[in-house]
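Participant: One predicted model, sequence on top.
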Amino acid sequence: MENPTISDHEFVLFQRLIYRLAGINLVPSKKVLLVGRLTKRLRHFGLQHFGEYYRVVTSGEHPAEAQLMVDLLTTNETCFFREPAHFHFLREFASKRRSRPLRVWSAACSSGEEPYSIAMTLAETLSLSGHWEILASDISKTVLERAERGLYPMERAHDIEKNLLKAYCLKGVRSQEGTFLIEQSLRERVAFRQLNLTTLEAADLGQFDLIFLRNVMIYFDSDTKRKVVANLLPHLKRDGVFIVGHSETLNGVTSELVSIRPTLYCRPEFRQ
């Protein structure tokens with residue numbers, strides 16, 4: 001079976017669908033990515049055209065397929081201790097708040113590297129048994145399952161400092177050779193949950209001292225950025241800090257937060 005091609009009309013249908021389901025603004029340059037990631041699903045159903053697969057996804061006859069499509073189109077590569085300055089800030093921030101419990105939300109955690117990096121930082125700063133907790137969320141069930149396992153190829157370990165690797169990671173042996181596993185006591189400090197940030201149910205998340213929303217807004221248009229940030233802000237404590245990626249900004253997205261330094265934001269009354 002030859003690789004299927006997608007017409008402009010079919011691509012527009014998927015653009016609108018992924019925007020409605022996940023808030024992702026799939027620009028025309030991502031057409032090759034869409035074809036590459038969804039071709040296997042066409043083959044799974046024995047289909048030859050993307051229009052046919054669109055009907056499968058939207059018909060309601062295969063309710064799990066829409067989520068699977070979202071998983072395939074929203075999974076992005078990440079790494080441990082990405083943008084190291086944020087983890088230096090996290091250590092400073094946590095050290096100043098030792099006297100009270102600390103809650104951190106990794107709001108687009110992908111396959112878990114970010115929340116485990118946060119957990120290692122807090123374990124070193126506040127101790128592994130300290131009063132801190134991490135919520136890690138993503139829209140994709142697939143990456144959350146991978147994150148909960150905490151099992152990674154050994155080449156991903158090069159971004160982890162040797163002392164942290166020794167303290168919190170177990171080197172795979174025999175059938176697991178070439179991998180490492182996040183140590184169980186650290187995995188237990190991270191709660192994983194599937195959440196769609198564009199349709200966030202506010203009821204039971206509580207509030208957080210720090211919200212990491214890094215390297216995901218680049219996939220949103222302006223309206224979706226404003227909507228997502230507005231959904232998250234009720235969960236930021238009055239004196240909390242909101243962190244975005246180094247290629248992102250909250251300028252023009254919200255008037256409720258001001259910049260402390262590039263990529264770090266707080267409410268105006270707490271800016272020092």
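Facilitator: Nice, thanks for sending it over.
Participant: For the helix or strand where Lys225 lies, give me every contacting residue.
Facilitator: Here Lys225 sits within helix 222-232, counting by DSSP states H and E. Contacts to helix 222-232, defined as CB atoms under 8 Å, 6 or more residues apart in numbering, come from residues 19, 23, 25, 105, 107, 197-198, 200, 202, 211, 213, 217, 220, 242, 250, 252-254. Every C-beta, even on glycine, is put in place using the N, C-alpha and C of the backbone.
Participant: tell me the mean pLDDT over that helix?
Facilitator: Helix 222-232 carries an average pLDDT of 95.
Participant: just stretch 70-89 next, same as before
Facilitator: Here the average pLDDT along stretch 70-89 is 90.
Participant: Show me what it is in contact with.
Facilitator: Stretch 70-89 is touched from outside by 18, 21-22, 24, 26, 33-34, 37-38, 41, 110-111, 113-114, 116-118, 121, 139-143, 156-157, 159-161, 212, 214-215, 219, 241, 243, 245-246, 263-264, with contacts defined as CB under 8 Å, 6+ apart.
Participant: make it 7 Å
Facilitator: Stretch 70-89 has contacts (CB atoms under 7 Å, 6 or more residues apart in numbering) with 18, 21-22, 24, 34, 37-38, 110-111, 113-114, 116-117, 121, 139-143, 156, 159-160, 214, 243, 245-246, 264.
Participant: likewise stretch 150-157?
Facilitator: Residues contacting stretch 150-157 (CB under 7 Å, 6+ apart): 79-80, 112, 116, 165, 169, 178-182, 187.
Participant: Return a ChimeraX selection command for the buried portion of the contacts of stretch 70-89.
Facilitator: Buried subset of these, written as a ChimeraX selection, criterion 16 or more other CB atoms under 10 Å:
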select :18,21,22,24,34,37,38,110,111,113,114,116,117,121,139,140,142,143,160,214,243,245,264
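Participant: Which ones among the contacts of stretch 70-89 map onto helices?
Facilitator: Under the assignment DSSP state H, the contacts of stretch 70-89 contribute 18, 21-22, 34, 37-38, 113-114, 116-117, 121, 141-143 to helices.
Participant: so which of those would you say is closest to Pro101?
Facilitator: Distances from Pro101 to these, taken as CB to CB, are shortest for Thr121 (16.2 Å).
Participant: ok, now which ones touch the closest one?
Facilitator: 87, 90-91.
Participant: Now restrict those to buried residues only.
Facilitator: By 16+ other CB under 10 Å, these give 87, 90 as buried.
Participant: which one is Leu47 nearest to, not counting chain neighbours?
Facilitator: Leaving aside its sequence neighbours, Leu47 sits nearest to Tyr53 (CB to CB, 6 or more residues apart in numbering; 5.3 Å).
Participant: what's around that neighbour, how many residues?
Facilitator: 25 (other CB atoms under 10 Å).
Participant: repeat for the one 10 residues further on
Facilitator: By the criterion of other CB under 10 Å, Pro63 has 9 neighbours.
Participant: just Met69 next, same as before
Facilitator: 23.
Participant: For the nearest residue to Gly150 once chain neighbours are set aside, give its distance to Arg82.
Facilitator: Spatial nearest neighbour of Gly150, excluding adjacent residues (CB to CB, 6+ apart): Ile182 at 3.4 Å. Distance from Ile182 to Arg82, counting by CB to CB, to the nearest Å: 16 Å.
Participant: re the thing from before, mind checking which of the contacts of helix 222-232 are buried?
Facilitator: For the contacts of helix 222-232, a neighbour count by 16+ other CB under 10 Å gives the buried set as 19, 23, 25, 105, 107, 197-198, 200, 211, 213, 217, 220, 242, 250, 253-254.
Participant: Out of those residues, the closest to Phe11 would be?
Facilitator: Lowest distance from Phe11 to those (CB to CB) belongs to Tyr19, with 12.3 Å.
Participant: quick one: the closest one and Asn25 touch, right?
Facilitator: Yes: assessed by CB atoms under 7 Å, Tyr19 is found in contact with Asn25 at 6.3 Å.
Participant: quick revisit: just the buried ones among the contacts of helix 222-232: which are in strands?
Facilitator: The members of these that map onto strands under DSSP state E are 105, 211, 213, 242.
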